[in-house]
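Q: coords please:
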Amino acid sequence: MSLVRIALRIAAVQALRGRTLVGDNVLDSQIGALDMAADGSLSTDQKKPWIAVYTDASSTKDSLTDVTLRALAPNGATQILIETGLTAAHVVIDPETEESTVYTGIPDTDDAFEFHADIVARQIADVLTDPNNAWAEIVRGFILSFRSVERVRTSGDQNGTRLAAQQIRITADLVVDPLRGESLKDGSPLRAFFDKCEADLRVPNPAYPDESNEPTIVDPVIASTLALMRAQIEIDAAPYDWQSVQRRFGFTRHEADALMIAPPAGVPGDATITDITPPDAQPDKGFPI
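A: Purely as a prediction, here's the structure:
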């Protein structure tokens with residue numbers, strides 16, 4: 001339902017790629033990156049150390065009041081999960097010593113596995129707060145504030161395969177999703193996200209130079225993702241201001257009429273209310289059922 005949650009994950013993945021010990025193996029909502037079986041054993045489908053970014057449960061229970069009525073645009077308090085880990089299958093052989101290592105000069109002992117996970121977790125925090133990382137700036141733009149940050153470690157040794165992992169759980173209040181038909185303002189985090197994707201996430205153009213003058217194009221998967229996201233906002237005819245208010249708060253038409261934000265029946269939708277003459281007092285007939 002939330003475009004902000006989708007954009008936040010993509011931006012976080014781009015912010016982290018190439019900036020930690022796991023290199024480019026940063027994944028968006030990878031199912032199975034860290035899996036727990038019914039017997040409690042841990043496993044991963046990754047062939048090298050990884051980071052995976054997820055957005056999980058969200059709730060507006062503690063952030064919305066009765067005045068928001070039936071609003072569905074707010075994202076409320078959202079759980080952002082960032083997992084990192086490595087297994088014994090990810091160790092490398094030092095060409096000089098021929099020893100198994102988790103990193104150059106660090107042998108693949110149990111404490112080295114934990115050390116690696118700790119370092120990557122620290123690097124994640126450094127990246128996401130880096131003022132010079134444009135993708136991290138977009139991530140921060142989607143977040144109003146943190147409610148809590150939890151760090152959880154886990155490890156296992158199943159059938160001789162050692163695994164060490166950490167999970168950073170951030171509960172954060174996110175910005176409200178834009179309404180359908182609402183124009184994205186310059187400087188808004190979602191507008192910045194769209195612009196950054198189209199500028200940075202490009203691949204060689206197979207049609208260049210024979211059929212196109214553009215040497216690069218937006219990555220086709222990203223282009224399709226952005227098109228589908230934009231389709232949830234853009235409509236052929238912009239709504240009237242009062243319709244945007246009605247949509248934001250989930251007013252019924254009767255409520256919109258009672259609040260006098262909608263023009264009376266038979267009046268054009270773009271009419272502007274400039275003066276209100278109260279009617280003569282009438283007996284209250286109650287709310288229509």
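Q: Surely residue 85 is in contact with residue 164?
A: Yes - under the criterion of C-beta atoms under 8 Å, residue 85 makes contact with residue 164 at 6.2 Å. For the C-beta atoms, the positions are set from N, CA and C on the backbone; glycine is no exception.
Q: who touches both of these two?
A: With contacts defined as C-beta atoms under 8 Å, 6 or more residues apart in numbering, the residues shared by residue 85 and residue 164 are residue 117.
Q: At which residues are the strands of the stretch 1-150 of the chain located?
A: For the stretch 1-150 of the chain, the strands defined by DSSP state E, counting those that start in this stretch occupy 26-28, 35-36, 42-43, 50-59, 77-87, 92-93, 100-103, 106-107, 143-158.
Q: quick one: strands adjacent to the longest one?
A: This means strand 143-158. Strand 143-158 sits in its sheet next to strand 161-174 (antiparallel), going by DSSP bridges.
Q: Please state the mean pLDDT value computed over the strand it pairs with.
A: The pLDDT scores in strand 161-174 average 84.
Q: what about the next helix or strand after it, distance to the chain center?
A: Once the chain leaves strand 161-174, the next helix or strand it forms, by DSSP states H and E, is helix 189-200. A distance of 13 Å separates the centroid of the chain from that of helix 189-200, by C-alpha atoms, centre = their mean, to the nearest Å.
Q: Same check on stretch 187-203?
A: Relative to the mean C-alpha coordinate of its chain, stretch 187-203 is positioned 14 Å out (C-alpha atoms, centre = their mean).
Q: What residues of that stretch count as buried?
A: For stretch 187-203, the neighbour count (16 or more other C-beta atoms under 10 Å) marks 189-190, 192-194, 196-197, 201-202 as buried.
Q: what would those look like in CSV with pLDDT and distance to residue 49?
A: Below are the buried residues of stretch 187-203 laid out as CSV (pLDDT from 0 to 100; distance: C-beta to C-beta, whole Å):
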residue, pLDDT, distance to residue 49
189, 94, 30
190, 96, 31
192, 96, 30
193, 97, 27
194, 97, 31
196, 97, 26
197, 97, 26
201, 97, 23
202, 96, 27
